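Asks: I'll drop the sequence and a predicted model, then ask my questions.
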Amino acid sequence: MSYDAHAPHGIKRWLFSTNHKDIGTLYLWFSFIMFLVGGASAMLIRAELFKPGMTLISPELFNQLTTMHGLIMVFGAVMPAFVGFANWNIPLMIGAPDMALPRMNNLSFWILPFAFTMLISTFFMEGGAPNFGWTFYAPLSTTYGPSSTDFFIFSVHLMGISSIMGAINIIATIFNMRAPGMTLMKLPLFCWTWLVTAFLLLAVMPVLAGAVTMVLADRHLGTSFFNAAGGGDPVLFQHVFWFFGHPEVYIIILPAFGIISEIIPTFSRKRLFGYVSMVYAVIAIAFLSFLVWAHHMFTTGMPNAGQLFFMYVTMLIAVPTGVKVFNWVTTMFKGSLTFETPMLFAIAFIVLFTLGGFTGLMLSIAPADFQYHDSYFVVAHFHYVMVAGSLTAIFGGVYYWLPKWTGHMYSEVLGKIHFWLTIISFNVTFFPMHFVGLAGMPRRIPDYALQFTDFNRISSIGSFVFGLSQLLFLYIVIKTIRSGPPATDQVWEGAHGLTWQIPSPAPHHTFTIPPVVQDAHG
């Protein structure tokens, strides 16, 4: 799979590449750029909230930053990062020469820079950027949204097209291009989580497209889907959006589960415990994710029977998630553990994601949710799920596979410094938000009552440290790409006697040798 002498070089290589590794690299760099842009908006938000009273920015700009932070982080940072992992690793894990549809793979990436350039450019349009939150509830987005809302709608359509193309590619690759003898129940768990995620994307991205198309029609075509005066219903928007939005949460977290399921066995020197139960847990999570959307809507006046149904199903989805956590812990139990940077991030993932899951169970209780709803408690909850979940898995995955991708080992000392800075500053930022939320501080507000000042200052300081510590991560990655000790064929074996412990062994770091297929249970 080496490049031939006539392969394009320089800018042409990246513009026209159909090589899954190049496209995976593009996805990963794009997601990191978006992560820095979205993180900068978050730091501006926290700077404004450092003390009560309007000090730095206008309330209007505050709302715009809140909206763009959510959109950029969900659609621009986390999702493309996981697609980058999929592009790099899935063909290598299943013994395929490339992705099934390489030209479509190229197009699915290059749509994204145009979509997000259009989205970010709304800051410079008349009326400013969208200011109605990343959930763009009607009638805020239909009746009161700025004129730039139409550009936001078009960019969301482009993101959806990119996601659907990527999902089709992953499904086609896993179903059609596995090495001979590799049945589905011999797939590495990372491939399983992405296969299920791809089906979720195919199911829910058209729902999002429908929601933004109805918003567009209400704005310009005289329809009244969400306008009560014309016979519509604003609550309908919430149903349609969250029918997309809740499976989207699992689209964001399932690939993270896959990454953690590759890291834990390696540094425990044990096979993954309960491979079959892990596969069925992923499928169960995906199925149940379609049945819980209205737990975001307990305060909209739904009947008691509806509240009970969504409350119980939300609690039920914690069961397959718990299966995964117990299997990870059991994999580590009596293993010969070492604590390199990827393992540290994996353990932090388990601890912090579980904490986020417990606060999710609190939010699932309908009567209690009336108190928590739209407070900073919810902000703390979903950041423990998405930042302490998805982001720690992304960091762990980068450190885990970076030697394989680059042929160089990263600096373990710098990696561990980055880990501790990230985890400590994350908790300093978001743990106090549980308290101010339970005390009644609403989310998405640019000002607050005096009694919340101390906790907000602590959160703001933590967020600045968290944001700045990611520049160290950037330095580590660039330094590893350019130099560093050469990585061996069995990269973790050289210094510590570690071997890869996944259902199919990891490939040679130059990616010229397809993996040898063996049974998932040894």
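Replies: The structure has been received and is ready for your questions.

Asks: quick one: low-confidence parts of this protein?
Replies: 1-7, 492-522 (pLDDT under 70).

Asks: Can you name the residues that contact R457?
Replies: Shown in contact with R457 (Cβ atoms under 8 Å, 6 or more residues apart in numbering): F50, K51. (Each C-beta comes from the backbone N, C-alpha and C, glycine too.)

Asks: Where does it fall, secondary structure wise?
Replies: Element membership for R457, per DSSP states H and E: helix 453-482.

Asks: Would you indicate which residues of that helix are buried?
Replies: 455-456, 458-460, 462-463, 466-467, 469-470, 473, 476-477, 480 (16 or more other Cβ atoms under 10 Å).

Asks: What about the spatially closest residue to T314 that is not a sequence neighbour, how many residues nearby?
Replies: Using Cβ to Cβ, 6 or more residues apart in numbering and skipping the chain neighbours, the partner closest in space to T314 is S364 (3.7 Å). For S364, the neighbour count with other Cβ atoms under 10 Å is 21.

Asks: shouldn't S364 be in contact with Q307?
Replies: No. Judged on Cβ atoms under 8 Å, S364 makes no contact with Q307 at a distance of 10.5 Å.

Asks: Need the overlap of contacts for these two.
Replies: Common neighbours of S364 and Q307 (Cβ under 8 Å, 6+ apart) do not exist.

Asks: Buried by neighbour count: which residues of stretch 177-191 qualify?
Replies: For stretch 177-191, using 16+ other Cβ under 10 Å, the buried residues are M177, R178, M182, K186, L187, P188, L189, F190, C191.

Asks: How about stretch 413-427?
Replies: L414, G415, H418, F419, L421, T422, I423, S425, F426, N427.

Asks: of the residues you listed, closest to A439?
Replies: The closest of these to A439 turns out to be N427 (Cβ to Cβ; 18.8 Å).

Asks: ok but that closest one is inside a strand, no?
Replies: No. Assessed with DSSP: H, G, I helix; E, B strand; the rest coil, N427 is helix; it does not lie in a strand.

Asks: ok, it - contacts?
Replies: Here N427 is in contact with L352, G462 (Cβ under 8 Å, 6+ apart).

Asks: Adding distance to H296, write the buried residues of stretch 413-427 out as CSV.
Replies: Compiled in CSV, these are given as follows (distance: Cβ to Cβ, whole Å):
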residue, distance to H296
L414, 40
G415, 37
H418, 34
F419, 33
L421, 33
T422, 29
I423, 28
S425, 29
F426, 24
N427, 25
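
Asks: And the residues you listed, which is closest to F326?
Replies: I423 (22.4 Å).

Asks: Now that closest one. Nearest residue, chain neighbours left out?
Replies: A348 (5.2 Å).

Asks: quick one on the thing from earlier: strands - which of the buried residues of stretch 413-427 land there?
Replies: Using DSSP state E, no member of those falls within strands.

Asks: Of those, which belong to helices?
Replies: L414, G415, H418, F419, L421, T422, I423, S425, F426, N427 (DSSP state H).

Asks: Check which helix or strand N105 maps to.
Replies: helix 102-121.
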